[in-house]
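[1] Model the structure of this input:
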Amino acid sequence: MANIRHIRKDYTLKVLIEKEISPNPLLQFSEWLNEAILAEVLEPTAMALSTVSSEGRPSSRIVLLKHATIEGFDFFTNQQSKKGKHLQNNSFASLLFFWPELERQVRIEGKVQMLSNEESDNYFDIRPEMSKIGAWASPQSSIIPNRKTLEDWFKEFEEIYHNKPIKRPPHWGGYRLVPELIEFWQGRVNRLHDRIEYTLHNGAWQLHRLAP
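    Numbers count the residues shown, from 1 in each chain. I've put the predicted structure just below:
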């Protein structure tokens, strides 16, 4: 294994000052996300979703943010997957965005709720056709014999839906993480990073600076 003990980077691009940021973390997130998109960072909407099993075992994976409003952060997935089963038993989860090109990350904690069938249908309808077929073909998180099996299932559903509208699978849909805590992290020199945390108390956001 390569020697990684001395790998480090000093962060010098930007600063994060209380008087220059929004009192509402959802608006601040929207500003940062727009900056990440304009900067053409790799996968600006990619986020690590962490869930916890009924045995208390955490698990993380990358999913894509599909909508962000003052109500929360939306993503879509197979609801029979590992993360879907976790959320059935424990609705608390966290999200993490990392934009290394801007030396920034955003950490979000809150409770996850399922989106309505109408909201899930509306998003499914605008997905590419091959992605729709993939949602039917893949029993996400299940053990399968080999790659060919998955490709055969995909071909079967291609034939089933040939020249037909593809409806949303009943096991596929959306979730919304409703935030209770949002932390913005801006890399700074000498590891003296800027960390601004918003916490929700009685419907109002409170802002604090955290030690790095």
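
[2] What separation is there between the residue with the largest distance to the centre of the chain and N89?
    Of all residues in the chain, the one whose C-alpha sits farthest from the chain's mean C-alpha position, using C-alpha atoms, centre = their mean, is N163 at 32.9 Å. Counting by C-beta to C-beta, to the nearest Å, the separation of N163 from N89 is 41 Å. For every residue, glycine as well, the C-beta is placed using N, CA and C.

[3] give the contact list for A48.
    Contacts here follow C-beta atoms under 8 Å, 6 or more residues apart in numbering; on that basis A48 touches S60, R61, I62, L95, L96, F97, F98.

[4] picking up where we left off before, just the element for the residue farthest from the centre of the chain, please.
    Assignment of secondary structure by DSSP states H and E places N163 within no helix or strand.

[5] and it, what pLDDT?
    Reading off the confidence values, N163 has pLDDT 91.

[6] do the same with the one 10 residues further on
    Note for G173: predicted pLDDT of 97.

[7] Identify the residue nearest it in space, chain neighbours excluded?
    Residue nearest to G173 in three dimensions, not counting chain neighbours: S120, with 3.8 Å by C-beta to C-beta, 6 or more residues apart in numbering.

[8] Phi and psi next, for that neighbour.
    Dihedral angles of S120 (phi, psi; degrees, to the nearest 10) stand at phi -70, psi -40.

[9] In contact with the closest residue to P44 other than its chain neighbours, which residues?
    Take P44 and drop its neighbours on the chain: the residue closest to it by C-beta to C-beta, 6+ apart is A36, 4.0 Å away. A36 sits next to P44, F97, W99, E101, L102, R104 when contact means C-beta under 8 Å, 6+ apart.

[10] Could you do I182 as well?
    Contacts for I182 were tallied using C-beta under 8 Å, 6+ apart; they are P25, L26, Q28, F29, V106, R107, I108, E109, E197, Y198.

[11] Give me the subset of these that lies in strands.
    When the contacts of I182 are checked against strands using DSSP state E, the ones located there are V106, R107, I108, E109, E197, Y198.

[12] Can you tell me which of these is nearest G134?
    Using C-beta to C-beta, the shortest approach to G134 within these belongs to I108, at 27.2 Å.

[13] now the closest one: how far from M47?
    Separation of I108 from M47 (C-beta to C-beta) stands at 8 Å.

[14] So which residue is dead centre in the protein?
    Of all residues in the chain, the one closest to the mean position by C-alpha atoms, centre = their mean is M47, 3.6 Å from it.

[15] how about the contacts of I182 in CSV, adding pLDDT, distance to L16 and neighbour count?
    Shown next, in CSV, are these (pLDDT from 0 to 100; distance: C-beta to C-beta, whole Å; neighbours: other C-beta atoms under 10 Å):
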residue, pLDDT, distance to L16, neighbour count
P25, 97, 12, 24
L26, 97, 17, 18
Q28, 97, 10, 20
F29, 98, 13, 21
V106, 98, 11, 20
R107, 98, 13, 18
I108, 98, 16, 24
E109, 98, 19, 17
E197, 98, 11, 16
Y198, 98, 12, 23
